[in-house]
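Trainee: no sequence for this one, just the structure:
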């Protein structure tokens, strides 16, 4: 019998007990278990147990060539699918020095940022649902639906995109798409103000998030915290700014930061990030050049030269890194995916210890966990 | 002049039977309609359409009831069977017992009782025991946590609730709900006791375990709280009890603060129910607007804000009554 499933009793104390939050639980956002050692409502220690939905994406990469792996990255993180899909293409492009046409780069930027907003919107809805507010969830999903419709029109899919190709994107965009995008931008800027007024200003929301789930300063290095969680701790780090990939260096946008590192700071950072994404999209739409959307000369067989390549993109949750070890064939020798949620869930024991049960739910919601990304 | 319906019957047992039958029938239909109202209202707040079966989605609740009634009553293997079975009944029973005390019209009343308020405050506390037994009896950690939270919360919020009722008793010098309503003929007590009403509504929301005070059944933390292990009609009873408790609390607020049946033009009973359902809509509005407080913040709110506030209110009322 597997000892993990035995009922555990703390031998030293009869006042404490273990509570399995998960694998099926409304707030784990997927199939994940957190073993909580509780004293009443207070958490003594928390231990995340992962792997329930593991699909061996990295192993899959070793069994198929680079083109066949194209649909996989968007399944790793179903909320930032577009960013992962494009990121994978960019990684291989950099390894092989494939030139990407201007138009394709702009299309990729728009799709990336739309995807980022849709991911943040879903996070906002589910986070507030974890805090017990049901209504914002539907408002956020309503707005997210608009993004999905826009992307659906050009990609044909709504969640797990496979739009990018080595050297560009598979289908061109049209003026209707650009109109839709700019209409959405004007609409969404107003909506963001509404969200800020209704959610950020709410007294109960502030009570529940301010000072809750503080990431201690040394956690960032210990557990490789990235993305909005890191920016909420006061570090100005954004792959789009620090090591610009694609054409991000041409755009004017800010990297929002907060210093507190609590759930509230993470909320503020993400809401501001949505606004910055809108800024990037607006610039990209107005500068959209004509031309090819897929490079004319892409090698038929994708064979990166022998060697190791690392490429990192800014996903809605943090740094998504791909480490490609190529032996010169058209099948990667090894493809390591570095996903932010995995790093963040590893930090949970340090963050959750000493908080209340309800805080654990708030913390888990605020770091924006995507379980398939952990069990990739 | 008023007539006690119970005294119209020769046989006291017959009177009791008829009263309970009428109340049960009303509460059942009321709960079904309130579930419909809540679903439609939440849909409106959330920009959805809501239930669609039948005219205005009214059939949806009938089907839901059919589903609950036809489901097997499961009892968890390691549950304490006795406690597990009687818990839903204990939660539902106090409302049925106490509903007969409300003066809905000025002429007919089931029973006018001269210490009705004491009776109501005493017996309505019993449902806490039911909730605790449900949590304890189901032998489930989530249920137990929900039950522990519920007991702490209900006991804490009972104090401001009682303290907000006392000023009314002091003003009217009676504990009969009928006489309290009569005393509000010229103006409802909301005008002289607005703070007491606010405290009462907040405490009543907490007493009925409604959001933002729904921590005993906090879905995102405790799955379903104290009724995690319940299925079929036993779960249905908890569901009924929640809505019956709601109408009970709102009816009490109507009688104490909003002047009961008093109102121009319309018949007595209509005014009474308009006020009750307006309060219920307000409570539903809370639920679909606010996030949930944390357990310790909830306790702090009761003991640091509500109790002192209601004590100050009580003191001021005493002084004013003494001077006037």
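Mentor: Perfect, I can see it now. If you're wondering where the values come from, they're calculated on a predicted model, not measured in any experiment. Numbering: from 1, shown residues only, chains lettered A, B, ... in the order given.
Trainee: let me know how buried residue 82 is, in neighbour terms.
Mentor: No chain specified, so I'll use chain A. 30 (other CB atoms under 10 Å in any protein chain shown). In this view, the C-beta of every residue, glycine as well, is placed from N, C-alpha and C.
Trainee: correction: the question concerned chain B.
Mentor: Residue B:82: 10 neighbours (other CB under 10 Å).
Trainee: do the helix or strand containing residue A:149 and chain B meet at all?
Mentor: Here residue A:149, judged by DSSP states H and E, is contained in helix A:135-155. Yes: using CB under 8 Å from any CB of the partner chain, helix A:135-155 reaches chain B at A:135, A:138-139, A:142.
Trainee: same thing with stretch A:347-367?
Mentor: Yes: counting by CB under 8 Å from any CB, chain B has neighbours in stretch A:347-367: A:356-359, A:361.
Trainee: can you add neighbour count, secondary structure and pLDDT and give the residues you listed back as JSON lines?
Mentor: As requested, these are exported to JSON lines (neighbours: other CB atoms under 10 Å in any protein chain shown; DSSP: H, G, I helix; E, B strand; the rest coil; pLDDT from 0 to 100):
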{"residue": "A:356", "neighbour count": "20", "secondary structure": "strand", "pLDDT": "85"}
{"residue": "A:357", "neighbour count": "22", "secondary structure": "helix", "pLDDT": "84"}
{"residue": "A:358", "neighbour count": "27", "secondary structure": "helix", "pLDDT": "84"}
{"residue": "A:359", "neighbour count": "26", "secondary structure": "helix", "pLDDT": "86"}
{"residue": "A:361", "neighbour count": "27", "secondary structure": "helix", "pLDDT": "86"}
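Trainee: show me which helix runs longest in the chain.
Mentor: By default, I'm working from chain A. Counting residues, the longest helix found in chain A (DSSP state H) is helix A:102-130.
Trainee: oops, chain B please
Mentor: Under DSSP H, chain B gives helix B:12-45 as its longest helix.
Trainee: relative to helix A:135-155, how tilted is that helix?
Mentor: 40 degrees (axes from the mean of the first three to the mean of the last three CA atoms, to 10 degrees).
Trainee: next structured bit after helix B:12-45?
Mentor: helix B:59-70.
Trainee: looking at the stretch 51-200 of chain B, which residue is nearest chain A?
Mentor: Residue nearest to chain A within the stretch 51-200 of chain B: residue B:141 (5.2 Å; CB to the nearest CB).
Trainee: er, chain B I mean
Mentor: Using CB to the nearest CB, residue B:292 is the residue of chain B that sits closest to chain A, at 2.6 Å.
Trainee: nearest residue to that residue in space, please, no chain neighbours.
Mentor: Excluding its sequence neighbours, the residue lying closest to residue B:292 (CB to CB, 6 or more residues apart in numbering or on different chains) is residue A:132, at 2.6 Å.
Trainee: and if you look at residue B:268?
Mentor: Spatial nearest neighbour of residue B:268, excluding adjacent residues (CB to CB, 6+ apart): residue B:261 at 3.7 Å.
Trainee: could you do residue A:347 as well?
Mentor: residue A:223 (3.9 Å).
Trainee: ok, now residue B:250?
Mentor: residue B:279 (3.9 Å).
Trainee: I'd guessed that neighbour sits against residue B:200; true?
Mentor: No: contact criterion CB atoms under 8 Å: residue B:279 and residue B:200 do not qualify, at 10.2 Å.
Trainee: anything in contact with each of these two?
Mentor: Contact with both residue B:279 and residue B:200 is made by residues residue B:253, according to CB atoms under 8 Å, 6 or more residues apart in numbering or on different chains.
Trainee: quick revisit: which residues are in contact with the residue nearest to residue A:347?
Mentor: Residues near residue A:223 by CB under 8 Å, 6+ apart: A:343-344, A:346-347, A:350.
Trainee: for chain B, see how far away it is.
Mentor: 25 Å (CB to the nearest CB, to the nearest Å).
Trainee: now name the helix or strand holding the residue of the stretch 1-150 of chain A found nearest chain B.
Mentor: Scanning the stretch 1-150 of chain A for proximity to chain B using CB to the nearest CB identifies residue A:132 as nearest, at 2.6 Å. Here residue A:132 sits in a region with no helix or strand, counting by DSSP H and E.
Trainee: which phi and psi does it have?
Mentor: phi 100, psi 0 (degrees, to the nearest 10).
Trainee: about what we covered before: how many residues are close by the residue nearest to residue B:250?
Mentor: 23.
Trainee: any stretches of the chain with poor pLDDT?
Mentor: Assuming you mean chain A. Low-confidence segments of chain A, defined by pLDDT under 70: A:1-14.
Trainee: oops, I was thinking of chain B
Mentor: In chain B, residues with pLDDT under 70: B:1, B:6, B:216-220.
Trainee: in it, which residue is closest to the centre?
Mentor: Closest to where the C-alpha atoms of chain B average out (CA atoms, centre = their mean) is residue B:245, at 2.5 Å.
Trainee: where does residue A:259 sit relative to residue B:56, distance-wise?
Mentor: 52 Å (CB to CB, to the nearest Å).
Trainee: what number of residues lie near residue B:315?
Mentor: Applying other CB under 10 Å, we find 11 residues neighbouring residue B:315.
Trainee: oh sorry, the question was meant for residue A:170
Mentor: Per other CB under 10 Å, the neighbour tally for residue A:170 reads 14.
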